[in-house]
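> Sequence isn't available, so here's the structure alone:
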């Protein structure tokens with residue numbers, strides 16, 4: 001090969017091999033762009049501070065990834081933007097008034113403990129941002145459960161913090177008039193930075209579908225399962241349809257279903273497996289919201305299903321090109337014979 005030509009290293013561990021213009025950096029950039037509407041709504045309602053938190057979170061995530069790779073004398077991977085995305089996602093699942101140091105602690109756990117200690121991008125078995133949030137929930141529950149009043153509600157609420165729509169649903173109390181479906185759609189409600197506006201998240205999800213970064217299977221199965229179960233079981237004091245819509249539009253459900261559950265490294269690759277994974281996430285979310293100790297169940301539902309991904313993919317075998325059922329049967333028989341011979 002000429003020295004002037006680009007050298008391509010081909011990893012033949014997985015077949016078939018397909019070369020496309022899409023790479024990790026482009027995928028991460030598309031997801032980051034899809035999250036911008038949600039971040040813009042937070043800035044609209046809470047000022048520049050949510051943006052400052054997001055920048056601190058991204059910077060700390062990049063620093064921890066660079067520092068770990070440098071310390072361990074490994075190739076620097078910050079250029080693939082995966083650390084930037086982890087930092088942004090972690091910021092979006094924090095309250096809008098979280099202290100500036102909170103995302104730094106969360107990113108250390110997410111990047112170093114959850115991601116890099118297991119080999120880096122693609123080798124982690126838990127979603128790093130959600131694992132970081134779970135760590136912060138366990139360590140700083142009071143801070144993680146305190147939400148500021150948005151600009152749209154300063155005239156209606158006397159105070160600096162207030163309950164979220166999901167808190168009203170969890171307690172069974174009637175939803176205040178200033179937290180109707182329009183407020184949930186536009187984002188004029190208290191909550192975490194990235195979960196305020198259902199409309200902004202749907203716009204981001206549509207962009208990811210249009211660019212083929214994600215498919216409909218996981219978010220569709222996830223949201224559909226929550227919708228069906230809430231519609232069936234309902235809740236006293238709410239009409240079943242209203243209860244279903246409030247659950248779909250409250251909390252981190254949209255953010256989790258569209259941006260977290262679809263993480264490539266921690267979700268199934270088999271098509272039927274993705275549907276089962278989405279159904280499992282939805283069922284666990286409803287179970288935790290109905291019977292759990294916290295009003296939100298998205299974080300733990302997705303993390304639990306992350307742990308089941310390997311078993312789901314194992315149960316739904318992928319089709320091997322050029323391999324017949326007879327070949328597979330012969331291979332199994334040969335493995336069985338080898339084990340018996342070894343005994």
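Looks like it came in fine. All values derive from a computational prediction rather than experimental measurement. Numbers count the residues shown, from 1 in each chain.
> worst-scoring helix or strand of the protein, pLDDT-wise?
Taking mean pLDDT, DSSP states H and E as the measure, helix 325-342 is the helix or strand of the chain with the lowest mean score, a mean of 77.
> can you list the weak-confidence ranges in the chain?
The chain contains residues with pLDDT under 70 at 1-22, 318-325, 343.
> center of it, which residue is that?
When CA atoms, centre = their mean is applied to the chain, the residue found nearest the centroid is residue 260 (1.3 Å).
> isn't it right next to residue 89, touching?
Yes. The pair residue 260 / residue 89 is scored as a contact, 7.0 Å apart, by CB atoms under 8 Å. Where you see a C-beta, it was placed from the backbone N, CA and C, and this is true even at glycine.
> ok, back up a step: how near is the residue nearest to the centre of the chain to residue 181?
Distance check for residue 260 against residue 181: by CB to CB, to the nearest Å, it reads 23 Å.
> Over to residue 252?
18 Å.
> Overlap in contacts, residue 260 and residue 89.
Residues touching both residue 260 and residue 89 (CB atoms under 8 Å, 6 or more residues apart in numbering): residue 129.
> List the residues that contact residue 111.
If you count contacts by CB under 8 Å, 6+ apart, residue 111 has them with 61, 64, 65, 68, 83, 86, 128.
> Now flag whichever of the residues you listed is closest to residue 229.
Within the set of the contacts of residue 111, residue 128 lies nearest residue 229; the separation is 28.3 Å, counting by CB to CB.
> Excluding covalently adjacent residues, which one is nearest to residue 280?
For residue 280, ignoring the flanking residues on the chain, the nearest one in space by CB to CB, 6 or more residues apart in numbering is residue 305 at 4.8 Å.
> helix or strand for the one you found, which one?
Using DSSP states H and E, the secondary-structure element containing residue 305 is helix 298-315.
> What are the contacting residues of that helix?
With CB under 8 Å, 6+ apart, helix 298-315 has contacts from 93, 125-127, 130-131, 133-134, 137, 251-253, 255-257, 260-261, 266-270, 273, 276-277, 280-282, 284-285, 288, 292.
> Show me where the stretch 101-250 of the chain has its helices.
For the stretch 101-250 of the chain, applying DSSP state H, counting those that start in this stretch gives helices covering 102-107, 128-139, 141-144, 165-171, 181-186, 198-210, 217-233, 240-249.
> Those: which one's closest to residue 328?
Using CB to CB as the criterion, the shortest distance between residue 328 and those is 25.3 Å, found for helix 217-233.
> which parts of the closest one are buried?
217, 218, 219, 221, 222, 223, 224, 225, 226, 227, 229, 230 (16 or more other CB atoms under 10 Å).
> and if you look at stretch 124-140?
Along stretch 124-140, the positions that meet the burial threshold by neighbour count (16+ other CB under 10 Å) are 124, 126-137, 140.
> repeat for stretch 61-69
Of the residues in stretch 61-69, those with enough neighbours to count as buried (16+ other CB under 10 Å) are 61, 62, 63, 64, 65, 68, 69.
> same question, stretch 234-247
Applying a neighbour-count criterion of 16+ other CB under 10 Å, one finds 235, 238, 243, 244, 245, 246, 247 buried in stretch 234-247.
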